[in-house]
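Participant: Structure here, sequence nowhere to be found:
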């Protein structure tokens, strides 16, 4: 492409994969950062750094000024309250949209959200991601935008799904979902490639969902069995009532309030986990002419486990 692209959230797990994909496509990168990151990008691409956060309108203006495209991937995945989520995921997105409208009105705006935004009533996180999509688009005011909703993302460097592979090594693994539950997954490289493809072009004013080749999703038994194959184990899967997840979430949330810490397992997160339908219909996906996933689950899990072991994480 050769144009200038402004990126928020470029130093996180998905963000680093995005930067690699964008650099390979020839974009010049400008990143919003709070500190100087250690990056190793293809072709020796040295990004321009703008120091600040989503709460800093001046930094956002410097970030997007003159950009040909803007990727907004920054946000919170855990917060002590709905207000905490909204302050970043909604209000920060609105400030970014306002900056794009003022300083780069002809740019293409790509908002990287979450599949959780499809069900905003489940949790504070889900509500804030939906609100963030709407706030960014409304504040931008132009028509050259697209929202991407990836499902659970895995791959080398991801600490969130590391717990799944650690659990899969145990002799007994709890199974909290019935056989009818479906969940989509996507490798970080595929999600990053989708971002790069939609930055380059395609339809505008669209909300897309992403997944690997199994758009209809996987049963949770399939996911655990695939993780077990990747780590070389054969655990017994023990069905456990979802009520125990809700109980554990309530205890975790209560302990977090007492200690002043932010819990990862909250009642809202439990509702997300136990929601029975995180599948995706074909019509919600980008056209194969624009993007299509490449990494299959077994291959992706195998390579991810190999990375974890080389890094000493597993």
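Facilitator: Nice, I can see it. Small disclaimer: the values here were computed from a predicted structure and weren't measured.

Participant: Pairing partners for the helix or strand residue 5 falls within, with directions?
Facilitator: Using DSSP states H and E, residue 5 sits within strand 4-8. According to DSSP bridges, strand 4-8 forms sheet pairs with strand 28-33 (parallel), strand 69-72 (parallel).

Participant: For the ones you listed, give me a markdown table that also has mean pLDDT.
Facilitator: Shown next, in a markdown table, are the strands paired with strand 4-8 (pLDDT from 0 to 100):
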| stretch | mean pLDDT |
| --- | --- |
| strand 28-33 | 95 |
| strand 69-72 | 98 |
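
Participant: which of these sits most buried?
Facilitator: Among the strands paired with strand 4-8, ranked by average contacts under mean count of other Cβ atoms under 10 Å, first place goes to strand 69-72 (a mean of 28). Placement of C-beta: from N, CA and C, glycine included.

Participant: Just tell me which of the strands paired with strand 4-8 ends up closest to residue 196.
Facilitator: With distances scored as Cβ to Cβ, the stretch of those nearest to residue 196 is strand 69-72 (9.1 Å).

Participant: Quick check: what element follows that closest one along the chain?
Facilitator: helix 82-85.

Participant: Tell me the first helix or strand C-terminal of that next one.
Facilitator: That would be, after helix 82-85 and using DSSP H and E, helix 91-103.

Participant: From the contact counts, what lies against that following helix?
Facilitator: helix 57-64, strand 69-72, strand 108-112, helix 124-140 (3 or more Cβ pairs under 8 Å, 6 or more residues apart in numbering; DSSP states H and E).

Participant: try it again with 7 Å
Facilitator: Applying 3 or more Cβ pairs under 7 Å, 6 or more residues apart in numbering; DSSP states H and E, we find helix 91-103 packed against helix 57-64, strand 69-72, helix 124-140.

Participant: mind listing the helices in the stretch 101-250 of the chain by residue range?
Facilitator: 124-140, 162-168, 188-200, 220-231, 242-259 (DSSP state H, counting those that start in this stretch).

Participant: Would you reformat these as CSV and include mean neighbour count, distance to residue 59 and mean pLDDT?
Facilitator: Formatted as CSV, those follow (neighbours: other Cβ atoms under 10 Å; distance: least, Cβ to Cβ, whole Å; pLDDT from 0 to 100):
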stretch, mean neighbour count, distance to residue 59, mean pLDDT
helix 124-140, 23, 16, 97
helix 162-168, 17, 32, 93
helix 188-200, 24, 21, 97
helix 220-231, 19, 39, 95
helix 242-259, 14, 31, 58
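
Participant: Looking at those helices, which is nearest to residue 36?
Facilitator: helix 188-200 (22.0 Å).

Participant: How about the contacts made by residue 277?
Facilitator: residue 182 (Cβ atoms under 7 Å, 6 or more residues apart in numbering).

Participant: shaky segments in the stretch 201-314 of the chain?
Facilitator: Low-confidence segments of the stretch 201-314 of the chain (pLDDT under 70): 242, 244-265.

Participant: Strands of that one, start to end?
Facilitator: When secondary structure is read from DSSP state E, counting those that start in this stretch, the stretch 201-314 of the chain shows strands at 206-209, 236-239, 277-278.
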